[in-house]
Each structure stands twice: as C-alpha cells, then as structure tokens.
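Engineer: What follows is a predicted structure for the sequence shown.
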Amino acid sequence: MGDFESLSEATSGAIGSLLSTTILYPLDTCKTKYQAEVRAHGQRRYRHLSDVLWEAISNGQFLSLYQGLGTKNLQSFISQFVYFYGYSYFKRLYLEKSGSKKIGTKANLLVAAAAGACTAIATQPLDTASSRMQTSAFGKSKGLWDTLTEGDWSNAFDGLGISLLLTSNPAIQVGVTGFIKEILRVAWMWEMFDRKKGNQASLSAFTAFLLGALSKSIATCLTYPAIRCKVMIQSAEADENNHDDDDDAEKKKLSGVVFAIWRKEGVTGFFKGLHAQILKTVLSSALLLMIKEKIAATTWVVLLAIRRSLLAQNGRLKSA
C-alpha cells in the first residue's frame, strides 16, 4: 500500500504541475527570453519584460509564446512525478529504517534534496531543450529531437551542476520561514496561547500562504544568480540574432557566463528578470498546490479502482 500511496501522490502532483505550467507558459517564455539576453555593445533588445510580449504581438507571433510547451509539459510532468514519488518513497524509507513515527525538519530537508537531485538528473535534457526552444527566435523553434541532438549529447545536460545546486532552495526557504516566524514572535508577541487549552495559536490559511510566498521569494532572490546563469548556459546558441564575441565553449561554462554578465551588465545583471522569476514561481507554486489538493482524492479513487480491476482480472485468469 505504501507504493500505491506514493503513486497516487506522484500522479496528482504531476497532473497539477502540467496544468499550472500550461496556464503560466506565456509568462515563462517571456521570462526565459528576458533572462537569456546579455547586453551587447552597450545595447539590449529587451529593456523590460513586457518588450518580449510586445515583440510577439507586433510580429503576429503570439502563439510562438507557446513554443516548446509540449516539451515543457513533458519535463514538468516527469519532474513532478519523479519528485513526489521520490520524496514519498525516501520519506517512507527513512521512517521504516529509523523507527520514528514522524520525520524531523533536518531529515525532511535531506529527503527533499535527495528527491530533487533525482529529479534534476532525470529531466535535465528536457529542461535544456525547453530553454532552447523558448529562447529561439519566434516562429523558428525546432522540434524536441532536433533540439536535443544539436552538438554533442553532453550538451543536453548543460546546467546540471547548477540544477543540483538549486535543490538547496527548499532548505533555504524553510530556514527563512523559521527566521521570519522568530522575528514576528519577538516583535509582535506572536506566541499567544489559548488559555483553556494551553496550545500555541496556529496560523490562518491566508497568513500561512503569505508567509510561504514571502519565504519562497527570499529564497529565490538568494539563488537567482545561479538560476539566470543556468538559463544562459542552456540557451547559449539558441538566439541566432545574439552575436556575441565570447567563445562558444566559454558560453557553456559557469565561469564564462559569470564573467560575461559582470563585464557587460555589472552586479545588477545577475538579478535581471528577478521580478518575473518571483512572480512565476509564486503563482506556479500556488496553482500547483491548489490543483493538487483538488484532484488528490479523485486520483486516489481512480487508481484504487484500476488496482481493484487489475486484481479481479488477475484472479479470473488464475481461476480459469
């Protein structure tokens, strides 16, 4: 039954991720193209995030904002399935091995990091292909296979090291959440107790959402330079109009990307597109959790019905 619970959790999470990714995809495309551009010869193509959207509309290429959607959905579905299944599996394995009834904060972070690392490795080629498709000139995006087979096969894993590094994002978010709670407790005397029960008052759903959004935003700010560098590494050769003097090999190295940003854009360049990343991340997380909670019960019922049907069919075959 444990594996069945993991399967149900993974399926509902994957479906929720697919729907939220589709809804927010135009924003994601604009964000990625904006992040990937580096100022050349003192000029930049996109001064604001809205410039990307306006370029697509003015050229009659609005539907091109959805280029790579199929690949992104495939990557999103697989990544969420692998993550939720891995998280559920590692968590259950930890509880069985330790004999504990519930998992602590530190162990939970390790479990989440392990699931995130498995997810990054399994879906990195799709993540790279998606970034290349999104940053291609509007209307000129190649198919998944053609995108993946450009150059060496190892190029499909561009940015994997940074993806593994970014699995620390949940740990940072948890730490920031605890820090904010402590500040609120001291500043606003938040540690209020119910006089009858003697229990600490719990957060309302709205307060918890705001706290989660704030902590996620701060965690995103702290890790954003790595996020932008990853996008640039993955999409280095995607934009045919981006004539850069850097060597192609340097564009694929973290050191080369960091130097290019520093030389052409300065310190603020490492945070270009941060507002769009925060908006997309917060909206995506909220939509994912909302959709996942709505379909979790239905997913459980459907999978249970399929399981019973298979068991019944197997029983009839054996009796025959």
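Structural biologist: Yep, that arrived. Numbers count the residues shown, from 1 in each chain.

Engineer: Just give the nearest non-adjacent residue to the most centrally placed residue in the chain, would you?
Structural biologist: By Cα atoms, centre = their mean, the chain has its centre lying nearest to Thr281, at 7.5 Å. Using Cβ to Cβ, 6 or more residues apart in numbering and skipping residues adjacent in sequence, the residue nearest Thr281 is Thr220, 5.5 Å away. No exception for glycine: its C-beta is placed from N, CA and C like everyone else's.

Engineer: pLDDT weak spots in the stretch 51-200 of the chain?
Structural biologist: Filtered on pLDDT under 70, the stretch 51-200 of the chain yields the residue ranges 184-200.

Engineer: Quick check: the residue nearest to Thr281 is in a strand.
Structural biologist: No. Under DSSP: H, G, I helix; E, B strand; the rest coil, Thr220 sits outside any strand and is assigned helix.

Engineer: Looking at it now. What's its pLDDT?
Structural biologist: Note for Thr220: predicted pLDDT of 90.

Engineer: per-residue confidence averaged over the helix or strand that contains the residue nearest to the centre of the chain?
Structural biologist: Following DSSP states H and E, one finds Thr281 within helix 274-319. Helix 274-319 carries an average pLDDT of 74.

Engineer: And the pLDDT for Arg47?
Structural biologist: 83.

Engineer: Ignore what I typed, I meant Gln234.
Structural biologist: 87.

Engineer: Setting the sequence-adjacent residues aside, check what's closest to it.
Structural biologist: In space, Gln234 is closest to Ser131, 4.0 Å off (Cβ to Cβ, 6+ apart).

Engineer: Please report the distance of the one you found from Leu210.
Structural biologist: 31 Å (Cβ to Cβ, to the nearest Å).

Engineer: Out of these two, name the residue with the larger neighbour count.
Structural biologist: Counted by other Cβ atoms under 10 Å, Ser131 and Leu210 do not tie: Ser131 has more neighbours, with 29 against 12.

Engineer: So Val258: helix, strand or coil?
Structural biologist: Under three-state DSSP, Val258 comes out as helix.

Engineer: Return the residues in contact with it.
Structural biologist: Listed by Cβ atoms under 8 Å, 6 or more residues apart in numbering, the contact partners of Val258 are Cys229.

Engineer: start at 58 instead
Structural biologist: Got it, the first residue is 58 from now on, which makes the last one we talked about Val315.

Engineer: close enough to count as contact, Val314 and Gln291?
Structural biologist: No. Contact criterion Cβ atoms under 8 Å: Val314 and Gln291 do not qualify, at 10.4 Å.

Engineer: These two: which is more packed in?
Structural biologist: For Val314 versus Gln291, neighbours defined as other Cβ under 10 Å are more numerous around Gln291 (29 against 23).

Engineer: ok, Ser69 touching Leu346?
Structural biologist: No. Taking Cβ under 8 Å as the definition, Ser69 is not a contact partner of Leu346, at 10.8 Å.

Engineer: These two: who's more crowded?
Structural biologist: Neighbour count, other Cβ under 10 Å: between Ser69 and Leu346, Ser69 has more, with 25 against 15.

Engineer: Met347 versus that one, what's the distance?
Structural biologist: Relative to Met347, Ser69 is positioned 12 Å away (Cβ to Cβ).

Engineer: Quick one: neighbours of Thr180, just the number.
Structural biologist: Residues near Thr180, counting by other Cβ under 10 Å: 22.

Engineer: show me where the stretch 108-257 of the chain has helices.
Structural biologist: Assigned by DSSP state H, counting those that start in this stretch, the helices in the stretch 108-257 of the chain fall at 126-155, 162-192, 201-205, 217-222, 226-245.

Engineer: Just say which of those is most tucked in.
Structural biologist: Stretch with highest mean neighbour count among the helices of the stretch 108-257 of the chain: helix 162-192 (a mean of 21; mean count of other Cβ atoms under 10 Å).

Engineer: Against which helices or strands is that helix packed?
Structural biologist: On a contact count with 3 or more Cβ pairs under 8 Å, 6 or more residues apart in numbering; DSSP states H and E, helix 162-192 meets helix 82-93, helix 126-155, helix 201-205, helix 217-222, helix 226-245, helix 262-291.

Engineer: Please tell me the pLDDT value assigned to the closest residue to Arg285 other than its chain neighbours.
Structural biologist: Of all residues not flanking Arg285 in the chain, Gln92 sits nearest, at 5.2 Å (Cβ to Cβ, 6+ apart). Note on Gln92: pLDDT of 90.
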